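Trainee: quick one: sequence and predicted model below, then my questions.
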Amino acid sequence: MGCDQTSAWQSLALLRSQQTQDWDIRGAFASDARRLTDFSLQAPHVFADLSKNAWDAQAEAALMALARERRLESWRTALFAGEAINTSEHRAAMHWLLRMPANGGELAAALSGNTALQQPLRDVHQTLDAMLALAERVRGDALITDVVNIGIGGSHLGPEVAVNALEDWVTTGKRFHFVSNVDGHELGHVLDKVDVRHTLFIVASKSFTTAETMLNARSARAWFMAQTAALSAEEQAQAVARHFVALTTNTVAAADFGIHTTLPFWDWVGGRYSLWSAIGLPVAIAVGAERFREMLAGAHAMDAHFVQAPLEQNLPVRLALLDVWYRNFMGYGSRCMAAYSHGLRRLPAYLQQLEMESNGKSVDRDGRPVRVQTSAVVWGEPGTNGQHAFFQMLHQGQDVVPVEFIALRDGGKHLGAHHRSLVVNAVAQAQALLMGRHDGRPEQHCPGNRPSTFLLLERLDPASFGALVALYEHRVFCSGVIWGINSFDQWGVELGKLLAKDLQDRIARKDWQGVDASTTALVRQLLLD
């Protein structure tokens, strides 16, 4: 049955209908002395304050009943058993295996009886060791001063957000560039900054056929060949082999391209979940093998928390249930991410892909229409920049938008007045959303009673970053289970690719039969006239 046909869903709908006005979060604090304690939770590397949200113990209990009625615990077991829960592509979703220690780590006991995972785990560590060895060689190569990662989607956003987040830990003296857009200006501006003799290109494409990635890769190779035109053909081929690396399963296509150093990953690794795989090579070059393993360890600690903690004390589960409550019962269509950390400036873009590509679905796992809203719109900017942009709407606009704050207790290298001002602003904004302003002139009035979540990291180091990303991965999975959708495919992405290829072919044939008038006119105006 659909999620809206369950008895728990009906109970939640009734609970919401009995409210005569918006939930009074301020009143909930006044009437419940334990609210802060009951709605706070420490998970590995992440402390969460959920107390400023528009729910109470009765609502959360009903949501927990929904999770159980939707068999969340069974789906979690299936995920970690390596079952083919990506039903439309008949694949497992074992990104969690990429960060599991060779001995099973904190999940060794739970997985000891699953012999089917033993060989994949050995393969993971064989590739991990090879990837980290390559990363250390590049780190030690003084001739390489620039690393250019060419990918798109998860092959781009994951490494980029990680390198940015861990920039305080980058000690190689190398510069990192990330190219994804098919707009030639992006690649062109990067190539203008680098020296052909001192640049390593990483081409990240599982199939080695991704249109945008391969166009950029071919253009980079053409630039490389033009810059080395004085060399013989044999010397050029050797230079390409030295300066280009492929992260792919298609070693034949990579060899045809001229690349002989390749690292694989597997069909059970989705692009937006691939940071932990060979796709993380730029991250390993940036921070080194030891720090990369710390990032994996932080994510594995969150995996263990997700598997072992009871639902009532399980942070990914509680966040996912809050998302369902807001999306389907409170009518909130978006969520603002406000990370008060320069290192996390690209996190909203990463989470946009993770959540909206995973759960932006309108059919369930059996191909039937989903009769409720699924993914919210995820957006945001780092604090304090957002305070001088869209926070005006958050405080006084007519749409209620839940805000998710992320802050660090330890600012690392940048302590003192800057960090103190940063975190005080984060706390003050959460307070302002809750309390509002009720004095002064009418135009100064802020209604308050606007919900927010506050996530606190001790510091932004590899382990805490790994835990934070794993937290969001599991949260997305849990809400997808509640809605009954497959969070691991992305057929909507494929449609645009198919139509772009069709238009390219039609341009070559000058054949516009059956194409709508607007599309035909735009192509002719942009490309033909």
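Mentor: Yep, that arrived. Remember, predicted model here, so these are calculated numbers, not experimental data. Residues are numbered from 1 along each chain as shown.

Trainee: so what touches the lowest-mean-pLDDT helix or strand in the chain?
Mentor: Within the chain, no helix or strand scores below helix 108-111, which has a mean of 85 by mean pLDDT, DSSP states H and E. The contact list for helix 108-111 (Cβ atoms under 8 Å, 6 or more residues apart in numbering) reads 80, 104, 117, 307-308. Backbone N, C-alpha and C define where each C-beta goes, glycine included.

Trainee: need the buried ones from those selected in ChimeraX.
Mentor: Remark: buried members of those, expressed as a ChimeraX selection using 16 or more other Cβ atoms under 10 Å:
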select :80,104,117,307
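
Trainee: would you turn the contacts of helix 108-111 into TSV with secondary structure?
Mentor: TSV is the format used below for the contacts of helix 108-111 (DSSP: H, G, I helix; E, B strand; the rest coil):
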residue	secondary structure
80	helix
104	coil
117	helix
307	helix
308	helix
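
Trainee: tell me the two of the contacts of helix 108-111 that are most distant?
Mentor: Pairwise distances among the contacts of helix 108-111 were taken by Cβ to Cβ; the largest, 17.3 Å, belongs to 117 and 308.

Trainee: quick revisit: next, the buried residues of the least confident helix or strand of the chain.
Mentor: residue 111.

Trainee: now the element after it, going C-ward?
Mentor: For helix 108-111, the succeeding helix or strand toward the C-terminus, using DSSP states H and E, is helix 118-140.

Trainee: what packs against that next one?
Mentor: Helices and strands touching helix 118-140, by 3 or more Cβ pairs under 8 Å, 6 or more residues apart in numbering; DSSP states H and E, are strand 262-263, helix 281-287, helix 289-308.

Trainee: following it, which helix or strand comes up?
Mentor: On the C-terminal side of helix 118-140, the nearest following helix or strand under DSSP H and E is strand 146-150.

Trainee: and the nearest residue to residue 280 once chain neighbours are set aside, what element?
Mentor: The shortest distance from residue 280 to any residue other than its chain neighbours is 6.2 Å, reached at residue 159 (Cβ to Cβ, 6 or more residues apart in numbering). Per DSSP H and E: residue 159 is located in helix 154-165.

Trainee: could you give the mean pLDDT of that helix?
Mentor: Average pLDDT, helix 154-165: 96.

Trainee: and the contacts of that helix?
Mentor: 149, 151, 170, 176, 178-180, 204-206, 210, 213, 247, 270-275, 279-283, 286, 295, 341, 343-347, 349-350, 353, 460, 465.

Trainee: can you give me the strands for the chain?
Mentor: For the chain, applying DSSP state E gives strands covering 40-43, 46-49, 146-150, 175-179, 199-204, 244-247, 262-263, 334-339, 377-380, 403-408, 452-457.

Trainee: and the third one, average pLDDT?
Mentor: Mean per-residue pLDDT for strand 146-150: 98.

Trainee: in its sheet, what does it sit against?
Mentor: Strand pairing for strand 146-150, using DSSP bridges, gives strand 175-179 (parallel), strand 199-204 (parallel).

Trainee: including distance to residue 142, mean neighbour count and mean pLDDT, could the ones you listed go into JSON lines?
Mentor: Shown next, in JSON lines, are those (distance: least, Cβ to Cβ, whole Å; neighbours: other Cβ atoms under 10 Å; pLDDT from 0 to 100):
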{"stretch": "strand 175-179", "distance to residue 142": "14", "mean neighbour count": "21", "mean pLDDT": "98"}
{"stretch": "strand 199-204", "distance to residue 142": "13", "mean neighbour count": "26", "mean pLDDT": "98"}
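
Trainee: of those, which is nearest residue 4?
Mentor: Short answer: strand 199-204, nearest of the strands paired with strand 146-150 by Cβ to Cβ, at 39.8 Å.

Trainee: tilt between that closest one and helix 118-140?
Mentor: Interaxial angle, strand 199-204 versus helix 118-140 (axes from the mean of the first three to the mean of the last three Cα atoms, to 10 degrees): 160 degrees.

Trainee: off-centre distance for strand 199-204?
Mentor: In this view, strand 199-204 has its centroid 22 Å away from the chain centroid, taken as Cα atoms, centre = their mean, to the nearest Å.

Trainee: swap in stretch 297-309?
Mentor: Distance, centroid of stretch 297-309 to centroid of chain: 17 Å (Cα atoms, centre = their mean).

Trainee: tell me the mean pLDDT for that stretch?
Mentor: Per-region confidence: stretch 297-309 scores 98 on mean pLDDT.

Trainee: check contacts around residue 333.
Mentor: When contacts are counted by Cβ under 8 Å, 6+ apart, residue 333 touches 327, 373, 376-377, 399.

Trainee: can we see that at 6 Å?
Mentor: Shown in contact with residue 333 (Cβ atoms under 6 Å, 6 or more residues apart in numbering): residue 376.

Trainee: got the phi and psi for it?
Mentor: Per-residue torsions, residue 333: phi -100, psi 0 (degrees, to the nearest 10).

Trainee: just residue 449 next, same as before
Mentor: With angles defined as degrees, to the nearest 10, residue 449 sits at phi 60, psi 40.

Trainee: likewise the one 10 residues further on?
Mentor: Residue 459 adopts backbone torsions of phi -160, psi 170, taken as degrees, to the nearest 10.

Trainee: any idea how far residue 422 is from the closest residue to it other than its chain neighbours?
Mentor: Closest residue to residue 459 apart from its sequence neighbours, by Cβ to Cβ, 6+ apart: residue 410 at 3.9 Å. In this view, residue 410 and residue 422 are 12 Å apart by Cβ to Cβ, to the nearest Å.

Trainee: these two - which one has more neighbours?
Mentor: Legend: neighbour count by other Cβ atoms under 10 Å for residue 410 and residue 422, higher for residue 422 (19 against 12).

Trainee: list the contacts for the more buried one?
Mentor: residue 340.

Trainee: buried residues, stretch 321-333. List them.
Mentor: 321-330, 332.

Trainee: please read the previous query as pertaining to stretch 112-126.
Mentor: Neighbour counts over stretch 112-126 (16+ other Cβ under 10 Å) mark 117, 120-121, 124 as buried.

Trainee: export these as JSON lines, with columns for pLDDT and distance to residue 192.
Mentor: Output for the buried residues of stretch 112-126, formatted as JSON lines (pLDDT from 0 to 100; distance: Cβ to Cβ, whole Å):
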{"residue": "117", "pLDDT": "94", "distance to residue 192": "47"}
{"residue": "120", "pLDDT": "96", "distance to residue 192": "42"}
{"residue": "121", "pLDDT": "96", "distance to residue 192": "44"}
{"residue": "124", "pLDDT": "97", "distance to residue 192": "38"}
